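>>> Need coordinates for the below:
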Amino acid sequence: MIKTRNKRQASARSGRNSERVTGAKRNRSSSAKNAHQAVGQVRIIGGDWRGRKLPVLSAEGLRPTSDRVRETLFNWLQFEVAGARCLDLFAGSGALGLEALSRGAKFVQFVEFVPEVARQLQQNLQTLKVEAAKAKISNQDALQWSQQTTDKAFDMVFLDPPFHKDFLPKILENLFSQGWINSQTCLYLEQENSIDWPDLPSGWLLDREKSTSQVKYGLFRFHNESE
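Numbering: from 1, shown residues only. Below is the predicted model of the structure:
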């Protein structure tokens, strides 16, 4: 009888341990899902979708450009957005590209690495009933995407990478060398306020700049040195 009770007790303990392990796995799985659940919103500042609010997912490094910063940027660009072809690299919430579409951009290429974030961006485009010909989402690493060659540069390029990763120098090198940026492109950069702007090819100068306590953002344009 003692042996039988011991076996039953051991079996009960094994069952409880199995439940704890299974529960722990479920909790980890649930935590992973929660990490990419909608936790906030991004608001379109101007244009056709002015005032529309769209869900934003939580992901490492995801930091949607603030309303204040977007409003300033698109005031700078107000006469140039309509009809423009735009690149929103490190798209995240897609706030910059969506703002451009709302204000009449002809086409926006979004590049986002995190699958869940890219899917949410696709859902937001569907919610806004954006035509397929006006927007494309590439679920791809930004550095890898920028290594492709093109003969058709963008009119506007928005670069707002995760902070403290030092992505901008290599990304910019690729975009210039592979033909994504030419002398007619408007180049927007957003980065930590504590570091200097990355080096750009000869002739590229800072046209507009502002900063907040943590963010520095600027618009760069090519200026012919003979002018």
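>>> When you work out contacts or count neighbours from here on, use the C-alpha atoms and nothing else.
Will do.
>>> Low-confidence stretches in this protein?
Within the chain, the stretches with pLDDT under 70 are 1-39, 59-63, 226-227.
>>> For it, which segments count as helices?
Applying DSSP state H to the chain gives helices spanning 2-34, 67-76, 95-102, 115-127, 142-146, 168-177.
>>> got a list of contacts for stretch 185-194?
Identification of contacts with stretch 185-194 by C-alpha atoms under 8 Å, 6 or more residues apart in numbering yields 153-161, 163-164, 211-222.
>>> Run the chain-centre distance for that stretch.
Distance, stretch centre to chain centre, for stretch 185-194: 14 Å (C-alpha atoms, centre = their mean, to the nearest Å).
>>> list the buried ones in it?
Across stretch 185-194, burial judged by 16 or more other C-alpha atoms under 10 Å covers 185, 186, 187, 188, 189, 190, 191, 192.
>>> wouldn't residue 65 be in contact with residue 94 here?
No: using C-alpha atoms under 8 Å, residue 65 makes no contact with residue 94, being 9.2 Å away.
>>> neighbour count winner among the two?
Ranked by neighbour count (other C-alpha atoms under 10 Å), residue 65 and residue 94 place residue 94 first, with 28 against 18.
>>> Contacts only, for the nearest residue to that one once chain neighbours are set aside.
In space, and not counting its chain neighbours, residue 94 is closest to residue 121: 6.5 Å by C-alpha to C-alpha, 6 or more residues apart in numbering. If a contact means C-alpha under 8 Å, 6+ apart, then residue 121 has 92, 93, 94 as its contacts.
>>> where's residue 121 relative to residue 201, distance?
Noted for residue 121: a distance of 32 Å to residue 201, by C-alpha to C-alpha, to the nearest Å.
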